[in-house]
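In: Fold the following for me, if possible:
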Amino acid sequence: MNQTQLTETAFQIILFAGNGKSSAMEAIHAAKEGNFAVADDLIKTASDELTNAHNFQTKLLHDEANGDKKDINLILIHSQDHLMNAMTIKDLAIEIIDIYRNK
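Out: Numbering: from 1, shown residues only. So this is what the prediction gives:
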């Protein structure tokens with residue numbers, strides 16, 4: 001994988017992680033309005049988007065484990081921050097939705 005492909009992969013991670021984070025936040029807003037079916041659907045969408053981002057990350061890990069070392073750049077670090085934060089927000093959204101559902 002060359003530097004351009006690595007940057008493209010980082011942007012794919014940012015894209016899917018951002019979509020997942022947005023869906024998780026929308027799910028919280030839907031639950032706040034009492035729309036739990038919508039909230040549950042949005043959490044499913046968030047999970048799907050984060051799975052797509054995670055698959056790109058896993059490909060990078062597999063490549064490195066197989067000896068394909070990469071030069072780490074700022075965009076790749078940024079993409080990892082996006083993915084980690086989006087996964088945390090999705091987990092918190094699930095908890096917040098449960099609080100709204102049981103209040």
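In: packing partners for the one helix or strand Ile99 maps to?
Out: Following DSSP states H and E, one finds Ile99 within helix 74-101. Applying 3 or more Cβ pairs under 8 Å, 6 or more residues apart in numbering; DSSP states H and E, we find helix 74-101 packed against helix 3-32, helix 36-65. Where you see a C-beta, it was placed from the backbone N, CA and C, and this is true even at glycine.
In: Return the distance of stretch 9-17 from the chain's centre.
Out: From the chain centre to the centre of stretch 9-17 is a distance of 9 Å (Cα atoms, centre = their mean, to the nearest Å).
In: List of residues touching it?
Out: Residues from elsewhere that reach stretch 9-17, judged by Cβ atoms under 8 Å, 6 or more residues apart in numbering: 1, 49-50, 52-53, 56-57, 59-60, 73, 75-76, 78-80, 82-83, 85-87.
In: from the residues you listed, which would you call buried?
Out: Buried subset of the contacts of stretch 9-17 (neighbour count, 16 or more other Cβ atoms under 10 Å): 49-50, 52-53, 56-57, 60, 75-76, 79-80, 82-83, 86-87.
In: just curious, which of these is nearest to Thr7?
Out: Ile75 (5.5 Å; Cβ to Cβ).
In: wait, what's in contact with that closest one?
Out: Ile75 touches 7, 10-11, 14, counting by Cβ under 8 Å, 6+ apart.
In: repeat that with 10 Å
Out: The contact partners of Ile75, by Cβ atoms under 10 Å, 6 or more residues apart in numbering, come to 6-11, 13-14.
In: Using JSON lines, lay out those residues together with pLDDT, neighbour count and distance to Gly20.
Out: Shown next, in JSON lines, are these (pLDDT from 0 to 100; neighbours: other Cβ atoms under 10 Å; distance: Cβ to Cβ, whole Å):
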{"residue": "Leu6", "pLDDT": "92", "neighbour count": "18", "distance to Gly20": "21"}
{"residue": "Thr7", "pLDDT": "94", "neighbour count": "14", "distance to Gly20": "20"}
{"residue": "Glu8", "pLDDT": "95", "neighbour count": "14", "distance to Gly20": "19"}
{"residue": "Thr9", "pLDDT": "95", "neighbour count": "20", "distance to Gly20": "17"}
{"residue": "Ala10", "pLDDT": "96", "neighbour count": "22", "distance to Gly20": "16"}
{"residue": "Phe11", "pLDDT": "97", "neighbour count": "15", "distance to Gly20": "15"}
{"residue": "Ile13", "pLDDT": "98", "neighbour count": "26", "distance to Gly20": "11"}
{"residue": "Ile14", "pLDDT": "98", "neighbour count": "21", "distance to Gly20": "11"}
